[in-house]
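**Student:** sequence first, then the predicted structure, then my questions.
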Amino acid sequence: MLHEFIQLLSGWTSLDTAIAASAALTAMSCALPGAWLVLRRHSMMGDALSHAALPGVVLAFLFAVGIKQAGWVSDSQEGALLHVLLFSGAVVVGVGTAWLTEWVQRLGRMESGASLGVVFTSVFALGLLLIRLKADDVHIDVSCVLFGIIETAALDMVPGTSVPEPVLVNGVIFAVNLLLVVLFYKELKIAAFDPALATSLGIPARGIHYGLMAVTALTVVAAFTTVGSILVIGLLIIPAATALLLSERLKAVLLLSVLIAGASAVLGHAFTLTLPRMIFSRLGYDSIEDAGTAGMMSVTAGGLFVAALFLAPKHGIIARLVHRLRLGMNIAGDDVLGLLYRFEERTATRPPAVSVPDLAAKQNGISRWLMSLSVRRLLRGGFVIRQASDELRLTDRGRASAKSLVRAHRLWEAYMARHFDLPDDHLHETADRVEHFIDEGIQDRLQAELDTPAKDPHGKIIPEKPASR
Amino acid sequence: MTESTALPVPAETHAVEHPLSSPLSIHDMTVAYHRRPVIWDVDYDAPTGQLIAIVGPNGAGKSTLIKAVLDLVPKVSGEVRVFGLPYAKQRSRVAYVPQRTSVDWDFPVSAQDVVAMGLYRRLGWCRPVTKKWRKKAREALDRVGLADFARRQISQLSGGQQQRVFLARALVQEADLYLMDEPFAGVDAATERAILHVLQDLRSTGKTALVVHHDLQTVSDYFDHVLLLNMRLIAAGPTTEVFTDENLRRTYGGRLALLDQVGTRLAEGQR
């Protein structure tokens, strides 16, 4: 299968490079403002801006055609004019949407989600109407604006060079965004984390908010020709959401967002060339129509997000499962030690041995395999030894460990008996849960607070602190 | 807009009434949300070098008072002077500790990063936080007993530790007036001691602190002065004189029905 993958990739041409580069720069330029949106809990604003930008884009096209028809610019200047109009329109849209949303929110006294919903859907619909009205004259393809056609966009070269136009446009936007984040890193950070403090220090948090909205809209509009207004939302949000799963350092989150975005784009294009063919040939189809890179990029980004969800070092699902399993095993091991210790206590003359099935029967609530797994761990660690006929006995090491545990248990019972008005038979269960988390430091503090009690509320002796380990 | 919403106070009024030396002079300040007054006509001069508690029931306008002083919410009328000048000219002499719940503690920054934010004004635009400033931030963390937590991500701190991080951020500003919104709310015993220690430290160096405080039991022990607030200023002065049963009854004995009603009319009438 890998062989087939590589073979299909060997058909990679310079056009593929152009497409991948356009896609990567688009994704990377979106990842930076997108990360700040996610950090500020304004992810919906990305959704709103990309939709609200539509009428701005259509109007820019209309003006450009109008100006050209009036004969004010030559054909060669038309492209430059269009870009100027597009980007100034984007800034108006960004600031306008942010302002309109706040206005609707305040005047309508509604939550921000509702006011965003009102603003961006109406404005987006207006854009669609404008396209329908003028589509014939102006050559705007609805599906192109919504979904982008990166494959044809990458064919347009910057006049006089062999640089694809999207590479230049999105590359410049990426560079500008990068520069802004580096220059205003500290201001963006404080305005995102604590806008009230920023304002009281004289740092204009509101101004920074509007600036971010303008930059986001500009970036989104630049991404329209490559990925369109729907998929761009994913490029704004998914890389940052993934990065936040992987790191707790702001600089790392920003850097990872950009890297993940770039990787999604390049991998996305590689998958476009390979996966659909590999899947469909197995299903018996000889040929397929070209799959879109823009779509595959977002799917790849989503796939990376799911991978991070599982594999993230600290909060990933697998890491948490491992942690829980380890905790369960520690608790089961503790329980075995505690049981053996209590057996010894009851028959002081000759320390008895306990069989593993006995343990499992005593300790309901813990599955048998977890129990035998933890017993194996105790054996390996030298806490218990196994004697003939499958019986367990504490070693000196195990006894010291068990003592500390039982001490924690009984100190906690004594502590609860003093501060809670509960019958004595209610204490054991809680202490059983808590004992695993009471280390020696807390044991000492409990002991001090209780004036070194000799016995627990049930009259059992609280073991003394082990001399030293 | 009615005339009363932005009526400037004649210059000679405050010149006569408010001594330049007062860290905080509030003159006839009214603050409204959606045109409904939350605090009415507060007149107050804070004494220098004292710990001052702002005490009152929920909805009394305690936080609003602080926010209005800091220009975070607009004033309907009245004016505020900080060491004799408007707040906008005295930002470097004032430090603000917002309520702990006002920010997102999952934000990916460390305790030291948050403390360093208190320095951003002094650093100026576009200047990075360099070694020298990071050292200052760590010193402030040390003062609140969190020296070992500088690199810790803030979501991994306890509520009390987060509160101390906020306090350290205010300390690093090296201000003369500290405005704190419920720093003692929901904190552990160690944090309570640490905050109190810092407050006493500030007082001994001549600083002034206004602290929104909710625990009536400790007001007399912790604070020299008290400001009793319930939509209006009930009483203000030395704790021994002002923190009396009679004044507390007036503060907590329910809202003034007519004040409420007229406030509602203002809100509805000026829609």
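**Tutor:** Done, it's in.
**Student:** show me the contacts for residue 187.
**Tutor:** You didn't pick a chain, so chain A it is. A:Glu187 is in contact with A:198, A:203, A:208, B:120, B:125-126, counting by C-beta atoms under 8 Å, 6 or more residues apart in numbering or on different chains. Using the backbone N, CA and C atoms, a C-beta is placed for each residue, glycine as well.
**Student:** please refer instead to chain B.
**Tutor:** For B:Val187, the contacting residues are B:159-160, B:163, B:195, by C-beta under 8 Å, 6+ apart.
**Student:** then B:Ile52?
**Tutor:** Contacts were defined as C-beta under 8 Å, 6+ apart; by that measure B:Ile52 touches B:46, B:208-211, B:223-227.
**Student:** number of nearby residues for residue 69?
**Tutor:** In the absence of a named chain, this looks at chain A. A:Gln69 is flanked by 9 other residues according to other C-beta atoms under 10 Å in any protein chain shown.
**Student:** other chain: chain B
**Tutor:** Neighbour count for B:Val69, taken as other C-beta under 10 Å: 25.
**Student:** sketch out the low-pLDDT regions of the stretch 201-350 of chain A for me.
**Tutor:** Per-residue confidence of the stretch 201-350 of chain A (counting by pLDDT under 70) places the weak regions at A:287-291, A:348-350.
**Student:** what residues does it put near chain B?
**Tutor:** A:201-203, A:244, A:247-250, A:252-253 (C-beta under 8 Å from any C-beta of the partner chain).
**Student:** any of these buried? List them.
**Tutor:** With burial judged by 16 or more other C-beta atoms under 10 Å in any protein chain shown, the buried subset of those is A:201, A:203, A:244, A:247-248, A:250, A:253.
**Student:** nearest to B:Ala60, of the residues you listed?
**Tutor:** Nearest to B:Ala60, judged by C-beta to C-beta, of those is A:Leu201 at 26.8 Å.
**Student:** what helix or strand is the residue nearest to that closest one when sequence neighbours are not counted on?
**Tutor:** Here the nearest residue to A:Leu201 in space, its sequence neighbours aside, is B:Arg121; by C-beta to C-beta, 6 or more residues apart in numbering or on different chains that works out to 4.3 Å. B:Arg121 belongs to helix B:120-123 when elements are defined using DSSP states H and E.
**Student:** that older thread, pull the contacting residues for the residue nearest to A:Leu201.
**Tutor:** Taking C-beta under 8 Å, 6+ apart as the contact definition, B:Arg121 lies against A:201-203, B:91-92, B:173.
**Student:** and for B:Ser158?
**Tutor:** Under the criterion of C-beta under 8 Å, 6+ apart, the contact partners of B:Ser158 comprise B:Asp188.
**Student:** what's around A:Pro463, how many residues?
**Tutor:** Neighbouring residues of A:Pro463 were enumerated by other C-beta under 10 Å; the total is 20.
**Student:** do I have it right that it meets A:Leu405?
**Tutor:** No - taking contact to mean C-beta atoms under 8 Å, the distance of 9.2 Å between A:Pro463 and A:Leu405 leaves them out of contact.
**Student:** overlap in contacts, these two.
**Tutor:** With contacts defined as C-beta under 8 Å, 6+ apart, no residue is shared by A:Pro463 and A:Leu405.
**Student:** longest helix anywhere in chain B?
**Tutor:** Looking across chain B with DSSP state H, the single longest helix is helix B:189-204.
**Student:** average pLDDT for it?
**Tutor:** The average pLDDT for helix B:189-204 rounds to 94.
**Student:** return the list of helices and strands in contact with the following helix or strand past it.
**Tutor:** Helices and strands here follow DSSP H and E; after helix B:189-204, the next one along the chain is strand B:208-212. If contacts are counted by 3 or more C-beta pairs under 8 Å, 6 or more residues apart in numbering or on different chains; DSSP states H and E, strand B:208-212 sits against strand B:51-55, helix B:62-69, strand B:177-181, helix B:189-204.
**Student:** pick the most deeply packed of those.
**Tutor:** Per-stretch averages of neighbours, counted by mean count of other C-beta atoms under 10 Å in any protein chain shown, single out strand B:51-55 among these, with a mean of 26.
**Student:** picking that back up, possible to save the helices and strands packed on strand B:208-212 as TSV with distance to A:Gly34?
**Tutor:** Putting the helices and strands packed on strand B:208-212 into TSV (distance: least, C-beta to C-beta, whole Å) gives the following:
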stretch	distance to A:Gly34
strand B:51-55	41
helix B:62-69	31
strand B:177-181	32
helix B:189-204	37
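**Student:** compare the ones you listed and give me the one nearest A:Lys455.
**Tutor:** The closest approach between A:Lys455 and any of the helices and strands packed on strand B:208-212, judged by C-beta to C-beta, belongs to helix B:189-204 at 28.3 Å.
**Student:** give me the angle between that closest one and strand B:51-55.
**Tutor:** Using axes from the mean of the first three to the mean of the last three C-alpha atoms, to 10 degrees, the interaxial angle of helix B:189-204 with respect to strand B:51-55 works out to 120 degrees.
**Student:** what's the angle from helix B:189-204 to strand B:208-212?
**Tutor:** Counting by the same axes, to 10 degrees, helix B:189-204 points 150 degrees away from the direction of strand B:208-212.
**Student:** give me the neighbour count for B:Asn58.
**Tutor:** Using other C-beta under 10 Å, the number of residues around B:Asn58 comes to 6.
**Student:** A:Arg106 too?
**Tutor:** 11.
**Student:** I'd like the next helix or strand past the helix or strand hosting A:Val375.
**Tutor:** Taking DSSP H and E as the criterion, the element that holds A:Val375 is helix A:368-380. As assigned by DSSP H and E, the chain's next helix or strand after helix A:368-380 is strand A:384-387.
**Student:** buried set for that next one?
**Tutor:** Within strand A:384-387, the residues that count as buried by 16+ other C-beta under 10 Å are A:384, A:386.
**Student:** give me the average confidence score over the helix or strand just after it.
**Tutor:** Sequence-wise, the next helix or strand downstream of strand A:384-387 (DSSP H and E) is strand A:391-394. Model confidence over strand A:391-394 averages 83 on the pLDDT scale.
**Student:** ok, A:Leu100 to chain B distance?
**Tutor:** Counting by C-beta to the nearest C-beta, to the nearest Å, the gap from A:Leu100 to chain B is 20 Å.
**Student:** give the burial count for that residue, as a bare number.
**Tutor:** Tallying neighbours of A:Leu100 according to other C-beta under 10 Å, which is how burial is gauged here, yields 19.
**Student:** picking up where we left off before, farthest-apart pair in the buried ones among the residues of the stretch 201-350 of chain A next to chain B, please.
**Tutor:** A:Leu201 and A:Ser247 (27.1 Å).
**Student:** how near is the nearest residue to A:Pro313 once chain neighbours are set aside to A:Arg399?
**Tutor:** Take A:Pro313 and drop its neighbours on the chain: the residue closest to it by C-beta to C-beta, 6+ apart is A:Ala319, 6.0 Å away. Per C-beta to C-beta, to the nearest Å, A:Ala319 is found 34 Å from A:Arg399.
**Student:** between those two, which is the more surrounded one?
**Tutor:** Neighbour count, other C-beta under 10 Å: between A:Ala319 and A:Arg399, A:Arg399 has more, with 20 against 14.
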